[in-house]
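# The sequence isn't on hand, but the structure is:
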(Lines give C-alpha, C1' and ligand atoms only; values in the text may rest on other atoms or scores of the structure.)
Protein backbone atom coordinates (compact mmCIF):
# COMPACT_ATOMS: atom_id res chain seq x y z
CA UNK A 1 0.00 0.00 0.00
CA UNK A 2 2.75 2.43 0.94
CA UNK A 3 4.80 1.65 -2.15
CA UNK A 4 1.89 2.44 -4.47
CA UNK A 5 -0.08 5.06 -2.57
CA UNK A 6 2.30 6.46 0.05
CA UNK A 7 2.67 9.82 -1.65
CA UNK A 8 -1.09 10.39 -1.67
CA UNK A 9 -1.54 9.63 2.03
CA UNK A 10 -1.11 12.34 4.65
CA UNK A 11 2.31 12.16 6.32
CA UNK A 12 0.73 11.30 9.69
CA UNK A 13 -0.96 8.24 8.18
CA UNK A 14 2.26 7.14 6.45
CA UNK A 15 4.16 7.48 9.73
CA UNK A 16 1.55 5.45 11.61
CA UNK A 17 1.66 2.70 8.98
CA UNK A 18 5.47 2.61 8.99
CA UNK A 19 5.51 2.39 12.78
CA UNK A 20 2.77 -0.26 12.86
CA UNK A 21 4.56 -2.37 10.28
CA UNK A 22 7.90 -2.10 12.09
CA UNK A 23 6.31 -3.00 15.46
CA UNK A 24 4.49 -5.97 13.92
CA UNK A 25 7.68 -7.28 12.32
CA UNK A 26 9.54 -6.89 15.60
CA UNK A 27 6.85 -8.84 17.49
CA UNK A 28 6.90 -11.58 14.85
CA UNK A 29 10.70 -11.80 14.97
CA UNK A 30 10.52 -12.14 18.77
CA UNK A 31 8.03 -15.01 18.31
CA UNK A 32 5.75 -13.40 20.89
CA UNK A 33 2.31 -14.72 19.94
CA UNK A 34 0.26 -12.38 22.11
CA UNK A 35 2.20 -9.28 21.07
CA UNK A 36 2.20 -10.35 17.40
CA UNK A 37 -1.57 -10.78 17.48
CA UNK A 38 -2.06 -7.40 19.12
CA UNK A 39 0.34 -5.61 16.76
CA UNK A 40 -1.12 -7.22 13.63
CA UNK A 41 -4.67 -6.29 14.72
CA UNK A 42 -3.50 -2.70 15.22
CA UNK A 43 -1.78 -2.69 11.82
CA UNK A 44 -4.96 -4.04 10.23
CA UNK A 45 -6.96 -1.14 11.68
CA UNK A 46 -4.35 1.35 10.45
CA UNK A 47 -4.48 -0.14 6.95
CA UNK A 48 -8.27 -0.01 6.92
CA UNK A 49 -8.14 3.66 7.92
CA UNK A 50 -5.56 4.36 5.20
CA UNK A 51 -7.71 2.54 2.65
CA UNK A 52 -10.70 4.60 3.70
CA UNK A 53 -8.65 7.78 3.31
CA UNK A 54 -7.55 6.71 -0.18
CA UNK A 55 -11.10 5.81 -1.16
CA UNK A 56 -12.38 9.18 0.05
CA UNK A 57 -9.66 11.00 -1.86
CA UNK A 58 -10.42 9.03 -5.02
CA UNK A 59 -14.16 9.63 -4.87
CA UNK A 60 -13.61 13.34 -4.26
CA UNK A 61 -11.35 13.45 -7.32
CA UNK A 62 -13.74 11.35 -9.38
CA UNK A 63 -11.28 8.51 -10.02
CA UNK A 64 -11.87 4.80 -9.74
CA UNK A 65 -10.48 2.62 -6.94
CA UNK A 66 -11.38 -0.74 -8.42
CA UNK A 67 -7.80 -2.05 -8.44
CA UNK A 68 -7.12 -4.61 -5.73
CA UNK A 69 -4.82 -3.57 -2.92
CA UNK A 70 -1.30 -5.01 -2.98
CA UNK A 71 -0.40 -7.56 -0.33
CA UNK A 72 1.95 -6.47 2.44
CA UNK A 73 4.36 -9.19 3.60
CA UNK A 74 4.82 -8.94 7.36
CA UNK A 75 7.49 -11.51 7.89
CA UNK A 76 9.72 -13.99 6.20
CA UNK A 77 8.20 -15.52 3.09
CA UNK A 78 6.63 -18.92 3.45
CA UNK A 79 8.19 -21.76 1.52
CA UNK A 80 7.23 -21.51 -2.14
CA UNK A 81 5.92 -17.95 -1.81
CA UNK A 82 7.74 -15.03 -3.41
CA UNK A 83 8.69 -12.12 -1.20
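Here it is on my side, so go on. Because the structure is predicted, anything quoted here is derived from the model rather than measured.

# Every contact and neighbour count from this point should use C-alpha atoms.
Fine.

# Endpoints of stretch 18-38, how far apart?
With CA to CA, to the nearest Å as the measure, the ends of stretch 18-38 fall 16 Å from one another.

# Going by neighbour count, which residues of it are buried?
Burial within stretch 18-38, assessed by neighbour count using 16 or more other CA atoms under 10 Å, is assigned to 20, 21, 23, 24, 25, 26, 27, 28, 35, 36.

# how much space between residue 29 and residue 23?
Taking CA to CA, one finds residue 29 at 10 Å from residue 23.

# With residue 47 instead?
Counting by CA to CA - residue 47 and residue 23 are separated by 14 Å.

# What of residue 40?
To residue 23, residue 40 is 9 Å away according to CA to CA.

# do residue 34 as well
Applying CA to CA to residue 34 and residue 23 gives a distance of 13 Å.

# ok, now residue 17?
10 Å.

# can you give me the helices in this protein?
2-5, 11-29, 33-61 (DSSP state H).

# Kindly reformat those as CSV containing mean pLDDT.
Converted to CSV, those look like this (pLDDT from 0 to 100):
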stretch, mean pLDDT
helix 2-5, 66
helix 11-29, 94
helix 33-61, 91
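
# so what's residue 20 up against?
Contacts were defined as CA atoms under 8 Å, 6 or more residues apart in numbering; by that measure residue 20 touches 39, 42, 43, 46.

# What is the nearest of the residues you listed to residue 55?
residue 46 (14.2 Å; CA to CA).

# Count the neighbours of the spatially closest residue to the closest one that is not a sequence neighbour for me.
In this structure, residue 46 finds its nearest non-sequential neighbour in residue 17, 6.3 Å apart by CA to CA, 6 or more residues apart in numbering. Neighbours of residue 17 under the rule other CA atoms under 10 Å: 23.
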